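>>> Task: produce atomic coordinates for the following.
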Amino acid sequence: MSNQPLIAHYLRRVRAAIEGGEQLRLPGGKAIAQSLNFLEQGYIRQATQEILPLLDGSPLSDLAHFLMALIFEADNDRDLSVAALATVVSADDSSYDVLCLTGDLYADWKKLDEGRWAYDRAIERAPHASHAFLRRGQLYSAAGDVTAAISDLERATMLQAGLADAHMALGHEYRDASMANAAIASYRKALAIEPDNLDIAIALDTAIASVIPPWHSAMLNDSRRNDVYDTAIRRAVKPGSHVLDIGTGTGLLAMMAARAGAEHVTACESLGALADLAREIVALNGLADRITIIHKHSTDLVVGRDLPRPADILINEIFDAGLLNENILETAADARARLLTPTPLIIPGGAAVFAMPIECAAIASERHVSEAAGFSVAPFNALTPQHYLQTALGHYDWRPLAPPAELFRFDFARDEANYAETTLRVTPLQDGTAHAIALWFSLFLDNETNIATGPMDPPTHWQQAVFAINTPIELKHNEPVILTARHNSQKIIVDISWI
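Purely as a prediction, here's the structure:
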């Protein structure tokens with residue numbers, strides 16, 4: 001019998017359905033059972049003889065036509081098999097279970113439109129059953145209709161909360177729609193139902209990894225960062241202070257503020273998995289009565305709904321290696337306009353960004369190519385994005401070619417999210433090949449406390465931002481060059497050129 005695994009799968013499903021239902025008690029039930037026995041043994045002619053009398057006028061005609069579809073499939077006659085399934089779907093009295101079996105077989109044949117037709121009829125017959133919504137949602141997904149897929153899969157999980165397949169399929173749709181928080185929640189529900197399901201566990205782990213970068217652990221273990229924040233927060237917080245913590249992550253800075261004596265801390269976190277974890281950590285440390293964790297972007301917060309009143313103090317640590325990539329300028333400006341008192345304290349209060357051309361052949365060899373295995377592959381460099389990478393220069397053999405130059409200085413209590421450009425003349429301290437430009441910053445937590453992330457400073461989890469130069473240039477001692485830097489309030493780009 002051809003297509004044996006597929007046919008055997010559906011024979012098992014038909015047997016499970018009739019043994020768990022009332023079909024065997026109906027007229028023709030014994031013939032259905034006998035035909036199944038013959039089919040399972042590969043006796044197609046005998047099975048057909050049992051089924052033929054049931055095709056017209058029998059209460060089991062839907063099941064008989066479905067079994068005929070399997071018989072035609074066993075004979076490698078797909079056209080007749082499809083026609084038999086169409087008879088099932090077209091009939092007014094086909095049962096929900098047989099319509100679902102029909103839709104599933106269509107789906108296995110990649111006949112998406114026909115499969116949706118079968119599930120439509122099944123839903124008409126039993127609008128409160130989950131399987132047809134699950135499978136129709138999966139077909140919508142295969143056809144690229146994300147909105148319809150999510151709608152059906154959400155309905156399936158509502159109709160049968162314990163259906164792990166529906167939660168997992170919904171998680172996949174959320175993931176592909178870049179709805180990471182919703183995907184993680186769906187995978188967690190699926191895993192709670194089937195805790196030993198490896199596929200679900202891997203999907204959940206992958207979804208979490210996509211939104212929670214691995215540097216979180218390094219950040220929490222960064223004692224320099226923690227100490228300067230704790231010092232500035234202790235200095236700022238007074239009895240009665242209401243503190244807003246934007247991008248709270250695990251809630252660490254919020255807990256520092258509560259420990260320093262804040263009356264209340266409102267902390268927001270846009271990643272659902274982190275917000276849930278922050279609540280757990282805050283509760284573990286006995287601070288749940290003084291810290292409110294809200295799963296929202298700060299731009300969605302509203303005073304009077306999410307915050308009891310405007311905050312006196314804003315704390316945040318939304319800085320990448322190049323300072324701006326986590327949108328600090330726009331975030332701070334929005335908070336000042338809507339969420340803070342007229343004269344708030346902001347921690348950090350500002351920052352300065354520095355750059356310096358460096359010689360580092362290892363970085364050049366990692367990020368640019370000229371030839372490989374004797375072939376020229378230099379055009380590949382045109383695809384290299386004009387973007388820095390987070391790098392610990394201490395791990396490389398490198399040397400500075402000019403003094404650090406301050407590119408930009410920011411005041412988070414006043415600056416708006418604007419474009420800016422600067423051109424600086426720098427004078428090399430020695431001859432050398434500029435392979436890259438190193439970028440770093442100093443954070444001014446307050447007037448007395450700061451932390452720098454430069455390559456000559458004690459290490460931090462931020463490390464340095466390093467631009468590899470597409471075409472390295474030769475620098476000469478005391479022969480000035482030009483550094484050109486631009487930013488759009490979210491990203492800094494730096495280039496070097498001769499005068």
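
>>> which residues in the stretch 351-499 of the chain form strands?
Secondary structure of the stretch 351-499 of the chain (DSSP state E, counting those that start in this stretch): strands at 371-372, 375-376, 389-391, 399-400, 405-411, 420-426, 432-444, 450-452, 464-475, 481-487, 492-498.

>>> CSV please, covering these and showing mean neighbour count and mean pLDDT.
The C-beta positions use only the backbone N, C-alpha and C, and glycine is treated the same way. Output for those, formatted as CSV (neighbours: other CB atoms under 10 Å; pLDDT from 0 to 100):
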stretch, mean neighbour count, mean pLDDT
strand 371-372, 10, 88
strand 375-376, 8, 91
strand 389-391, 19, 92
strand 399-400, 14, 96
strand 405-411, 17, 97
strand 420-426, 13, 96
strand 432-444, 23, 97
strand 450-452, 19, 98
strand 464-475, 19, 92
strand 481-487, 18, 95
strand 492-498, 17, 93
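
>>> Now do residue 175 against residue 50, distance only.
47 Å (CB to CB, to the nearest Å).

>>> wait, which of the strands of the stretch 351-499 of the chain is closest to residue 168?
Among the strands of the stretch 351-499 of the chain, strand 389-391 comes nearest to residue 168, with 33.4 Å by CB to CB.

>>> quick one: contacts for residue 317?
For residue 317, the contacting residues are 219, 225, 229, 247, 249, 253, by CB atoms under 8 Å, 6 or more residues apart in numbering.

>>> okay but the second one is in contact with residue 459, surely?
No: under the criterion of CB atoms under 8 Å, residue 225 is not in contact with residue 459, lying 10.7 Å apart.

>>> Those two - which one has more neighbours?
Between residue 225 and residue 459, counted using other CB atoms under 10 Å, the more crowded position is residue 225 (22 against 14).

>>> distance of the more buried one from residue 441?
13 Å.

>>> picking up where we left off before, who's more crowded, residue 175 and residue 50?
Taking neighbours as other CB under 10 Å, residue 175 and residue 50 compare with residue 50 leading, 22 against 19.

>>> Leaving out sequence neighbours, find the closest residue to the more buried one.
Spatially, and ignoring its direct neighbours in sequence, residue 50 is nearest to residue 35 (3.9 Å; CB to CB, 6 or more residues apart in numbering).

>>> Tell me the spacing between that neighbour and residue 412.
77 Å.

>>> I'd like to know how many residues surround the residue nearest to residue 409 when sequence neighbours are not counted.
Nearest non-adjacent residue to residue 409, counting by CB to CB, 6+ apart: residue 352, 4.6 Å away. Applying other CB under 10 Å, we find 17 residues neighbouring residue 352.

>>> Specify the beta-bridge partners of residue 352.
Beta-bridge pairing of residue 352 under DSSP bridges involves residue 409, residue 442.

>>> pretty sure it is touching residue 442, no?
Yes: the criterion here is CB under 8 Å, and residue 352 meets it with residue 442 at 5.0 Å.

>>> one step back: compare the strands of the stretch 351-499 of the chain and give me the one nearest residue 298.
Closest among the strands of the stretch 351-499 of the chain, using CB to CB: strand 405-411, at 17.7 Å.

>>> which ones are touching the closest residue in space to residue 288 that isn't next to it in sequence?
With CB to CB, 6+ apart as the criterion, residue 288 has its nearest non-adjacent residue at 5.4 Å, and that residue is residue 282. Contact partners of residue 282, counting by CB under 8 Å, 6+ apart, are 251, 254-255, 288, 291, 293.
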